[in-house]
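> When you get a sec, could you give me coordinates for this:
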Amino acid sequence: MTTVDVTARPDYEPGAELGAALLEGLPIGVYRTSPEGRVLMANSALLRMLGYASLEELSSRDLNREFEPGYRRSEFRQALERDGEVVGLESLWTRKDGSSFYARENARAVRDEVGSVLYFEGTVEDVTSRRRVEEECHALLEIVQGLNATYDLDELFSLIHRAVGRVLYAENFLIALYNPETGFLHFEFFVDKHDPMPPPRPLGKGLSGYVINNDLPLLLSREEQRQMVEKGMVEGVVGTFSASWLGMPLRTPSGTIGVLVVQHYEEEHVYAEGDVEFLTSVAGQVAVAIERRRAEVALRRSEAELKKFAAKLEASNRELQDFASVASHDLQEPLRKIQAFGDRLKTKYADALGEGGGDYLERMQNAAGRMQTLINDLLTFSRVTTKAQPFVAVDLAEVAAGVVSDLEARVERSGGRVEIGEMLTLDADPLQMRQLLQNLIGNGLKFHKPDEPPLVKVWCERVASNDADAEPAGGDLCRLFVEDNGIGFDEKYLDRIFTVFQRLHGRHQYEGTGVGLAVVRRIAERHGGSLYHRGRFAGEGESPRPGLILLDLNMPRMDGREALREIKSDPALRSIPVVVLTTSKAEEDIYRTYDLGVNSFITKPVQFEGLVEVMRTLGKYWFEIVELPDAGNAL
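Residues are numbered from 1 along each chain as shown. Just a heads-up that it's a prediction; the model follows:
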């Protein structure tokens, strides 16, 4: 402990040793100076703060010139003499070794009986840490405000450089981004006293590459840099060797995208752990700015692509409208003439044509009629888009009743019936809803078994949007069912039947052009919906009812959970145990599937023999006597 020289104090009195002991225990500096600036007393805390070993050494220095280069001591003395005290003065003080710190000073002037200044006394507190925190907060606030105010990266990087420079040494400052596609490092911002901005270069194993590859900050002195080179941790230093080097990774949720570097070429240990923490926050803001910029570029690119697509779509719609115009007039006019002249030939010259000529004429008129029907169907298909009406509230029960009324003759001719169940009201194009139901119900009546009258059932269900793989999201959705007891079709033709001009039967078996279901698909898509089919192919007889269903959640045409939902909603299938094949072990997925009614899980990948054994065990559990085939047979 430093001994205080109390003999130098002009007001020394017996018992002052007790006061000196108290001063020595204070954590802040305490001093007393003469009016001329000579230090009369200083406690140990102030000596340590200034870097002096004793009061004698401190007293030998010129206080007015050495301690506060940023503040003139003479002005401080004048303020004390004029006002009697100075409170809360913060200024930059200089230590004995030349380093500096921020001090907060309170001082007062002590006068004699006639008012002359005897001495000045005061306290000094090192507030460097607090000032540093305040400066960091101001800098980060400035960066955040700049991030919200400008979309120009060059302008923002310049602002960040200035803000960082008010907190720590940043005369040599760079921001570099790594492009994983090319493997090159691009210098987006570069300020340096010694080196010019380098061109893009391979990432390599330099210091910046080390920071990016390891996703860790790196604080190095000149000697530590040499050691890393000698150990092969880095290949070498690009540019001028620095005395102090600090690099920070630019982190995003998708990974490290670059590096921020500050360096000092002359002085070592310029940066400390506090600087690492500050630059970590700065690097986070830089990464946010870069990601936002990239998102904007991607958005603009998407908008440009969307505009191109919209232009192509508009051109396609114009072509459809042109086709509709041609189909309505130019194509139909020759057909009407063929039919008209054919009728005249048949009426006036039937005898002259003979039996062979009459047959040719009949074939010609039939072909013209089929062509007329085909053109009308194509016109209907094109008008789903070109003649669409705004959506309004549509009562599907009313629409279905109207469709059944229109199909009354076909119903009577086939001996069938149409049952309308619970229907909903939804926002839709009323004409297209009528067209959709007419095509579906009409198909159910048309494609019936020869020995069984058709039965078509139509009903709706309300489905929560988060439980259906359909758009638009938000609000409840309508699921429309049209079920019949007809001939069905093989599942391998599922994609084909909803394509225009695709038929599974010859025109002699069933009338039509193969456009109806394509129209249904287009109407459903225009309303934000989709089509799917479930049922059985009844060509060779009915499929047997399974005793156990093995369901893979990852199917090419339908989500496995959607298939499970349909199985459990079907009264004929809901009692059948369902075993799910899945690669997911997440509890959320398991609970979600259990809620849909699954009975057991099998985790993929699984060998065939193991699968058979598991299924055999499950079968015995559920049915006691039901066993799967041997491993050599197919499931």
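> in the helix or strand where residue 480 lies, what's buried?
Residue 480 belongs to strand 476-484 when assigned by DSSP states H and E. Residues of strand 476-484 classed as buried: 477-478, 480, 482-484 (neighbour count, 16 or more other CB atoms under 10 Å). Quick note: C-beta positions are derived from backbone N, CA and C, even for glycine.
> Out of those residues, which is nearest to residue 240?
residue 477 (66.0 Å; CB to CB).
> Grab the nearest non-local neighbour of residue 42.
residue 31 (4.8 Å; CB to CB, 6 or more residues apart in numbering).
> list the contacts for the one you found?
Shown in contact with residue 31 (CB atoms under 8 Å, 6 or more residues apart in numbering): 39, 41-43, 46, 121-124.
> Just the ones of these in helices?
When the contacts of residue 31 are checked against helices (DSSP state H), the matches are residue 46.
> which ones among the contacts of residue 31 are found in strands?
Of the contacts of residue 31, the ones assigned to strands by DSSP state E are 39, 41-42, 121-124.
> what's the pLDDT at residue 453?
For residue 453, the pLDDT comes out at 89.
> Just the pLDDT for residue 540.
Model confidence at residue 540, given as pLDDT, is 44.
> what does the one 10 residues further on give?
Looking at residue 550, its pLDDT reads 81.
> Sheet partners, orientation included, of the helix or strand that contains it?
If you go by DSSP H and E, residue 550 is part of strand 549-552. Counting by DSSP bridges, the strands paired with strand 549-552 are strand 578-582 (parallel).
> What mean pLDDT does the strand it pairs with get?
81.
> Would you mind identifying the next helix or strand past that strand?
For strand 578-582, the following helix or strand on the C-terminal side (DSSP H and E) is helix 587-595.
> Skip ahead from that following helix and say which helix or strand is next.
Proceeding N to C from helix 587-595, the next assigned helix or strand is strand 600-603, under DSSP H and E.
> Could you pull out the buried residues of that following strand?
Neighbour-count burial for strand 600-603 [16+ other CB under 10 Å]: 600-602.
> Equivalent analysis for stretch 116-125, please.
119-125.
> picking up where we left off before, so which of the buried residues of strand 476-484 comes closest to residue 169?
Nearest to residue 169 among the buried residues of strand 476-484, with distances taken as CB to CB, is residue 477, at 61.7 Å.
> what pairs with the closest one across the strands?
Bridge pairing for residue 477 - DSSP bridges - gives residue 463.
> Correct me if wrong: it contacts residue 461.
No. Judged on CB atoms under 8 Å, residue 477 makes no contact with residue 461 at a distance of 9.3 Å.
> Tell me, how many residues neighbour residue 81?
By other CB atoms under 10 Å, 13 other residues sit near residue 81.
> Sticking with it, tell me its helix or strand.
Residue 81 belongs to helix 73-83, assigned by DSSP H and E.
> In the stretch 301-450 of the chain, what residue spans correspond to helices?
Per DSSP state H, counting those that start in this stretch, the stretch 301-450 of the chain carries helices over the ranges 332-348, 350-386, 396-406, 408-414, 430-446.
> right, so those: which one is the most enclosed?
The highest average neighbour count among the helices of the stretch 301-450 of the chain, using mean count of other CB atoms under 10 Å, belongs to helix 430-446 at a mean of 21.
> among the contacts of residue 31, which two are most distant?
39 and 123 (14.2 Å).
> what angle do the strand holding residue 480 and helix 430-446 make?
Here strand 476-484 points in a direction 30 degrees away from that of helix 430-446 (axes from the mean of the first three to the mean of the last three CA atoms, to 10 degrees).
> how about the helix or strand following strand 476-484: buried residues?
Downstream of strand 476-484, the first helix or strand assigned by DSSP H and E is helix 516-526. Within helix 516-526, the residues that qualify as buried are 516-524, counting by 16+ other CB under 10 Å.
> count of neighbours near residue 43?
Residue 43, neighbours per other CB under 10 Å, totals 25.
> before we move on, what about residue 185?
A count of nearby residues for residue 185, using other CB under 10 Å, gives 23.
> which residues sit in contact with it?
176-179, 200-203, 208-209, 212, 258.
> Which strand residues bridge it?
Under the criterion used (DSSP bridges), residue 185 bridges to residue 178, residue 201.
> Show me the domain layout of the chain.
6-126, 132-299, 331-386, 388-543, 545-635 (automatic domain parsing).
> who touches stretch 390-400?
Outside stretch 390-400, the residues within contact range by CB under 8 Å, 6+ apart are 420, 423-430, 433-434, 437, 441, 458, 460, 478, 480, 527.
> list the buried ones in the helix or strand containing the residue nearest to residue 42?
Element membership for residue 31 (DSSP H and E) is strand 29-33. Residues of strand 29-33 classed as buried: 29-33 (neighbour count, 16+ other CB under 10 Å).
> Contacts for stretch 278-288, please.
Contacts with stretch 278-288, where a contact means CB under 8 Å, 6+ apart, come from 136, 139-140, 143-144, 147, 157, 160, 163-164, 167-168, 175, 217, 246, 248-252, 257-258, 260, 262.
> Mean confidence (pLDDT) on it, please.
The model assigns stretch 278-288 a mean pLDDT of 90.
> Same check on stretch 147-157?
Rounded mean pLDDT across stretch 147-157 is 84.
> Of all the residues in the strand holding residue 550, which ones are buried?
549-551.
> and the helix or strand just after it, how far out from the chain's middle?
For strand 549-552, the following helix or strand on the C-terminal side (DSSP H and E) is helix 560-569. Relative to its parent chain, helix 560-569 has a centroid offset of 29 Å by CA atoms, centre = their mean, to the nearest Å.
> what angle sits between helix 560-569 and strand 476-484?
In terms of direction (the same axes, to 10 degrees), helix 560-569 departs from strand 476-484 by 60 degrees.
> Output the contacting helices and strands for helix 560-569.
Counting contacts by 3 or more CB pairs under 8 Å, 6 or more residues apart in numbering; DSSP states H and E, helix 560-569 packs against strand 549-552, strand 578-582, helix 587-595.
> what's the most buried one of the ones you listed?
Most buried among those, given mean count of other CB under 10 Å as the contact rule, is strand 578-582, at a mean of 20.
> Using PDB, list the CA coordinates for it.
Output of strand 578-582 as PDB, limited to C-alpha atoms (Å, rounded to 0.1, in the frame of the first residue of the first chain):
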ATOM      1  CA  VAL A 578     -54.100 -49.900 -40.700                       C
ATOM      2  CA  VAL A 579     -50.400 -50.300 -40.300                       C
ATOM      3  CA  VAL A 580     -48.300 -47.300 -41.500                       C
ATOM      4  CA  LEU A 581     -44.900 -47.400 -43.000                       C
ATOM      5  CA  THR A 582     -42.900 -44.200 -42.300                       C
END
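> now what about that strand, what contacts it?
In contact with strand 578-582 (CB under 8 Å, 6+ apart) are residues 548-554, 560, 564, 567-568, 589, 593, 597-604, 606, 615, 618.
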